[in-house]
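Novice: give me the fold of what follows.
(chains A and B)
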Amino acid sequence: MSLGPYAPFIVTSYALVAAVVLLLIVWIVADYRRQQARLRELEASGVTRRSGRSAGDVR
Amino acid sequence: MTLIDLANPTRFLTLTARILPWLVGATAILLAIGLYQSAMAPDDYQQGATVKIMFIHVPNAWLSMFVWSVMSVAALGTLVWRHPLADVAAKTAAPIGAAFTFLALVTGSLWGRPMWGTYWEWDARLTSVLILFLMYLGLMALWRAVEDPSRAARAAAVLTLVGAINIPIIKFSVDWWNTLHQPASVFRMGGSTLDKAFLWPLLVMALAFSLLFVTLHLAAMRNEILRRRVRSLQMMQASRIAFTNDVGTGSREPTAPNEIGAA
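Specialist: Residues are numbered from 1 along each chain as shown, chains lettered A, B, ... in the order given. I've put the predicted structure just below:
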């Protein structure tokens, strides 16, 4: 596969899309872990929901 | 499970936990197929290999408008039906939509330099997409600026619906005005003008990016629901501390219940 004289434009485009998509994924996964950790902390301190279920419980 | 069941955040979380792994798998497979097809696509007789930029530029451009449309429906859900998840859906879609719009602008720019001889031109299509990007940033700033989530939700919903006027402007800008940007070549009256060698990779990539959006959006919505639960529990904890202090200083009026409902 030859990209010709405009290879830098093509490679930069794909690299940028990959970087931004990866950044979104990392941000969302890190946010999920952060919220779960905060919920565990709060529940460990004795704060509970009316339902009695764990706030992080999705089942 | 009906749509109305999803109004319950706990049921929504249950559903999300079940389908997210499948969505991640389907997105990865489709992206791999799309990228392979894009790599194998022949050079265009005019654009040469830069046609490969189209396979990522066009899906991002479509999604930049689609995400705002999703947010507009969610805004109606907030203002008219007061659906508990409508605001969550709108708020979490905004950063993802902003990212897609940013990528559409930059990849378009990187395609424009070799093809048009310029990175940027203040024509109707490019300018209206730039405005869309700024509106995404404005909405995200609004959600952060207003502390009360329900007030922020209503203000953001109104702004989203006002901003929706920009979507048809973007779509039809190439027909209404004389622009450097080419008119629609895929979804148009009379069928696509693209050769199948370019059309299939483009459609597969568009589907892959759409699935990527659905996956990221559901995951971000799950995070937002958990964030609101954290906020509720923190308020509950603060109220308990205040109540304990009041009892300690002799006040007889409780300031908060002992438990909270589901976020």
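Novice: now the closest residue to chain A within the stretch 1-150 of chain B: which helix or strand?
Specialist: Relative to chain A, the nearest point of the stretch 1-150 of chain B is residue B:13 (3.8 Å; CB to the nearest CB). All C-beta spots, glycine's among them, are computed from the backbone N, C-alpha and C. Here residue B:13, judged by DSSP states H and E, is contained in helix B:9-40.
Novice: give me the three-state assignment for the residue lying closest to residue B:125 once chain neighbours are set aside.
Specialist: Leaving aside its chain neighbours, residue B:125 sits nearest to residue B:181 (3.8 Å; criterion: CB to CB, 6 or more residues apart in numbering or on different chains). Here residue B:181 is coil, with the state taken from DSSP: H, G, I helix; E, B strand; the rest coil.
Novice: is the longest helix seen in chain B anywhere near chain A?
Specialist: The residue-count maximum for a helix in chain B (DSSP state H) belongs to helix B:196-248. Yes: Helix B:196-248 reaches chain A (CB under 8 Å from any CB of the partner chain) through B:212, B:216, B:219-220, B:222-223, B:226-227, B:229-230, B:233-234, B:236-237, B:240.
Novice: can you give me the mean pLDDT across that helix?
Specialist: The pLDDT scores in helix B:196-248 average 89.
Novice: for that helix, name the packing helices and strands.
Specialist: helix A:7-44, helix B:9-40, helix B:51-76, helix B:86-116 (3 or more CB pairs under 8 Å, 6 or more residues apart in numbering or on different chains; DSSP states H and E).
Novice: make JSON lines out of those helices and add mean neighbour count and distance to residue B:191.
Specialist: Converted to JSON lines, the helices and strands packed on helix B:196-248 look like this (neighbours: other CB atoms under 10 Å in any protein chain shown; distance: least, CB to CB, whole Å):
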{"stretch": "helix A:7-44", "mean neighbour count": "15", "distance to residue B:191": "27"}
{"stretch": "helix B:9-40", "mean neighbour count": "16", "distance to residue B:191": "20"}
{"stretch": "helix B:51-76", "mean neighbour count": "22", "distance to residue B:191": "17"}
{"stretch": "helix B:86-116", "mean neighbour count": "22", "distance to residue B:191": "24"}
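Novice: tabulate those (TSV), appending mean pLDDT and distance to residue B:165.
Specialist: As requested, the helices and strands packed on helix B:196-248 are exported to TSV (pLDDT from 0 to 100; distance: least, CB to CB, whole Å):
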stretch	mean pLDDT	distance to residue B:165
helix A:7-44	95	27
helix B:9-40	94	30
helix B:51-76	96	10
helix B:86-116	96	16
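Novice: any chance of those in TSV, plus distance to residue B:189?
Specialist: Formatted as TSV, the helices and strands packed on helix B:196-248 follow (distance: least, CB to CB, whole Å):
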stretch	distance to residue B:189
helix A:7-44	30
helix B:9-40	27
helix B:51-76	18
helix B:86-116	24
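Novice: let me know which of those helices is the nearest to residue B:157.
Specialist: Residue B:157 lies closest to helix B:51-76 among these, at 3.7 Å (CB to CB).
Novice: could you pull up the contacting residues of the closest residue to residue B:9 other than its chain neighbours?
Specialist: Spatial nearest neighbour of residue B:9, chain neighbours left out: residue B:225 (4.8 Å); criterion: CB to CB, 6+ apart. By CB atoms under 8 Å, 6 or more residues apart in numbering or on different chains, residue B:225 lies in contact with B:9, B:12-13, B:85, B:88, B:263.
Novice: for residue B:170, find the nearest of the helices and strands packed on helix B:196-248.
Specialist: Of the helices and strands packed on helix B:196-248, nearest to residue B:170 by CB to CB is helix B:51-76, at 5.9 Å.
Novice: if anything else comes up later, I'll come back, but that's it for now.
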